[in-house]
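K.L.:
One predicted model, sequence on top.
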Amino acid sequence: MKELDAILKPLKGSRIIYLGTQQTEISVYNIIAERGYEVRILPALYPTAKQRDAYVFDSKSRFSPLIKSRAEGAALIGYSTDPSRFTDADLKERRRSYGKGGFALQFMLDTALSDADNYPLKLCDLSVSNIALEKAPTSYDWCNDPVKRITELQALGLASDHYYHPLF
């Protein structure tokens with residue numbers, strides 16, 4: 001990506017557009033967002049509110065405003081966002097062919113299932129706690145409640161992974 005900065009000489013009023021499909025949470029599309037580019041996610045189907053949560057990075061939604069404006073209400077959820085490119089029947093067949101994770105990645109542009117498959121051990125699987133040298137609890141109860149998230153400890157895993165205190 002940095003190589004483009006060296007060879008491109010944009011004309012006044014021009015713009016640079018990257019088009020692609022992210023394959024993992026550690027994606028070049030996240031890097032270009034950090035460099036000031038606006039990232040827009042245009043899934044093949046109108047997503048549910050829960051699916052739209054996958055398009056939020058650093059508290060900012062990358063869900064396409066164009067599709068969002070069309071999707072007001074629940075009437076279009078699950079239908080093609082661009083029927084001239086992919087009909088509902090075509091997408092149904094592709095979902096069957098690609099499977100849940102493959103379809104989510106290629107057509108819904110959601111890397112969560114792909115990352116879950118590729119990286120089965122996550123930081124959130126650990127329970128992190130301060131304990132005394134002489135005495136420790138005999139058991140812990142794991143949790144990933146946002147209230148128990150440890151923000152003062154740098155998490156060096158995937159961007160969406162965090163450390164958590166045990167529940168009890």
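P.N.:
In hand now; what should we look at? Because the structure is a prediction, the values reported are computed rather than measured. Numbers count the residues shown, from 1 in each chain.
K.L.:
Would you check that L126 makes contact with H165?
P.N.:
No. Checked against CB atoms under 8 Å, the pair L126 and H165 is beyond contact range at 10.4 Å. C-beta coordinates here come from the backbone N, C-alpha and C atoms, glycine included.
K.L.:
element containing K135?
P.N.:
K135 is located outside every helix and strand, with elements delineated by DSSP states H and E.
K.L.:
After the helix or strand of the chain with the lowest mean pLDDT, which helix or strand is next?
P.N.:
Scoring the helices and strands of the chain by mean pLDDT, DSSP states H and E places helix 112-118 at the bottom, with a mean of 64. With elements assigned by DSSP H and E, the helix or strand that comes after helix 112-118 is strand 149-150.
K.L.:
Sheet partners, orientation included, of that following strand?
P.N.:
In its sheet, strand 149-150 lies beside strand 163-164 (antiparallel), with partners assigned from DSSP bridges.
K.L.:
Just the element for A89, please.
P.N.:
Assessed by DSSP H and E, A89 sits inside helix 88-106.
K.L.:
roughly how far is that helix from the heart of the chain?
P.N.:
For helix 88-106, the gap between its own C-alpha mean and the chain's C-alpha mean amounts to 18 Å (CA atoms, centre = their mean, to the nearest Å).
K.L.:
S61 and R40: what is the separation?
P.N.:
In this structure, S61 lies at 10 Å from R40, with CB to CB, to the nearest Å as the measure.
K.L.:
cool, and F103?
P.N.:
Applying CB to CB, one obtains 20 Å for the distance of F103 from R40.
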